[in-house]
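Participant: sequence and predicted structure are below.
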Amino acid sequence: MDLFLLLNPDDKDITYSASPSEYAMNLPSPESLHALADVADSIQPRMRRLKPKRKRASPHQLAVLNHHFAHNQFPTAEERRVIADAIDMAPRTVQIWFQNKRQIVKHRGGDI
């Protein structure tokens, strides 16, 4: 079923109708809109990616993080910065790793 966008210059409102009128403009079908979106995605796939891809911690980084976690589950900002510098990670990444690790321990019943 085609929908028509009614653009009446005298009205401020836009309405939709199943039948055309003198002020009607034929709207594209949802299928054709999806096809256009797919074409746009294939032309410029990198334009949509705003964040860089996730980087997993290396085995060495995990060993260092787990070692520090075993001694202190709540490191200060300065301690997180020192850890981050030692393992070449951002302090915010280290902070999130500690937050996630605390949740894992909490839900598994306290074993580290």
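Facilitator: Perfect, I can see it now.
Participant: from here on, just use CA atoms for contacts and neighbour counts.
Facilitator: Noted.
Participant: do you know the pLDDT at the closest residue to Arg80 other than its chain neighbours?
Facilitator: Of all residues beyond its chain neighbours, the one nearest Arg80 is Pro91 (5.9 Å), with distances taken as C-alpha to C-alpha, 6 or more residues apart in numbering. Here, the pLDDT recorded for Pro91 equals 96.
Participant: distance check, Pro91 against Ala35.
Facilitator: Spatial separation of Pro91 from Ala35 under the definition C-alpha to C-alpha, to the nearest Å is 43 Å.
Participant: among these two, which residue is more densely surrounded?
Facilitator: When neighbours are counted by other C-alpha atoms under 10 Å, Pro91 and Ala35 differ, and Pro91 comes out ahead with 18 against 11.
Participant: residues touching that one, list them.
Facilitator: Neighbour list for Pro91: 80-81, 83-85 [criterion: C-alpha atoms under 8 Å, 6 or more residues apart in numbering].
Participant: what subset of these is buried?
Facilitator: Judged by neighbour count, with 16 or more other C-alpha atoms under 10 Å as the criterion, the buried members of these are 80-81, 83-84.
Participant: what about those residues, which are in helices?
Facilitator: Secondary structure assignment (DSSP state H) places 80-81, 83-84 from those within helices.
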